[in-house]
Each structure stands twice: as structure tokens, then as C-alpha cells.
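K.L.:
Provide a 3D model corresponding to the input given below.
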Amino acid sequence: MNAKTQSILSYLGILWLVAYFGGKDHRDANSIYHLKQGLGLLVVAILYNLVVTIVISIAPGIGQIIGYVGVVFLILMILGIIHVVNEIKKPLPLIGGFFEDKFSFIQ
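P.N.:
As a prediction, this is how the structure comes out:
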């Protein structure tokens, strides 16, 4: 798997694992950057979904409104893939800056 394919897969949720384990031999600085951004997006999305699930179980009316905010993660995923295609190392809006220096195990 080449570096660009690996970078695109890193934004597609659970396919992050395929990108991480399947492309260890063909990583470059760009793919490492996008692996970190993709993992950060995945972690934040999972945490968000856990919180929304708890809120929905407590107050169903409020939880449904909050649940629609989940579309933001789809938009961030699409922006990340656009950055990969254009070969730009640019952090995702809102959360990307936080994950630029995290996840040191990705090399």
C-alpha cells in the first residue's frame, strides 16, 4: 500500500488500523502526519458518541439535538481526505492542532 492510500484510509474510521498495520514499509512524513490526524479524529468521534449515548439515555429530547452535531465528524473526515489528495500537511479544523505532536508511537 502506498503512502497516499495509507493516508486516505487513516481518515476512514476503523480502516485506520488497516492503514497503520498495512503500510508500515511505505510511510513518509506526510502519511505519518495524516495517521496522527486520523487517529485523533477517531478518538474524538468515539468519545463524542459515548457522551451522546449517555445523554440520550438520560434526556432523549436533548440528546437528539446533540446527535446531529455528529455530522461535523463527517465534514472533518472529508477535509482530511482533501488535504491528503492535495498533499498538504494542514491540521483539521477544531481538533487537528491538538494531535500534531501526540501519538509518538506512529513512526
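
K.L.:
C-alpha only now, for contacts and for neighbours.
P.N.:
OK.

K.L.:
what residue ranges in the protein score low on pLDDT?
P.N.:
Counting by pLDDT under 70, the chain shows low-confidence ranges at 63-64, 67.

K.L.:
ok, which stretches of it are helices?
P.N.:
Secondary structure of the chain (DSSP state H): helices at 3-9, 16-22, 29-58, 60-67, 71-85.

K.L.:
would you list those helices in TSV and tack on distance to L94?
P.N.:
Listed next are those as TSV, based on distance: least, Cα to Cα, whole Å:
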stretch	distance to L94
helix 3-9	20
helix 16-22	20
helix 29-58	10
helix 60-67	17
helix 71-85	9
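
K.L.:
Please name whichever of those helices is nearest to S104.
P.N.:
Of all these, helix 29-58 sits nearest to S104, with 8.8 Å by Cα to Cα.

K.L.:
follow-up on the earlier one: which stretch among the helices of the chain is buried most, on average?
P.N.:
For the helices of the chain, ranked by mean neighbour count under the definition mean count of other Cα atoms under 10 Å, the leader is helix 3-9 at a mean of 22.

K.L.:
roughly how far is stretch 12-29 from the heart of the chain?
P.N.:
12 Å (Cα atoms, centre = their mean, to the nearest Å).

K.L.:
ugh, typo on my part, it should be stretch 54-73
P.N.:
With Cα atoms, centre = their mean as the basis, stretch 54-73 stands 20 Å off its chain's centre.
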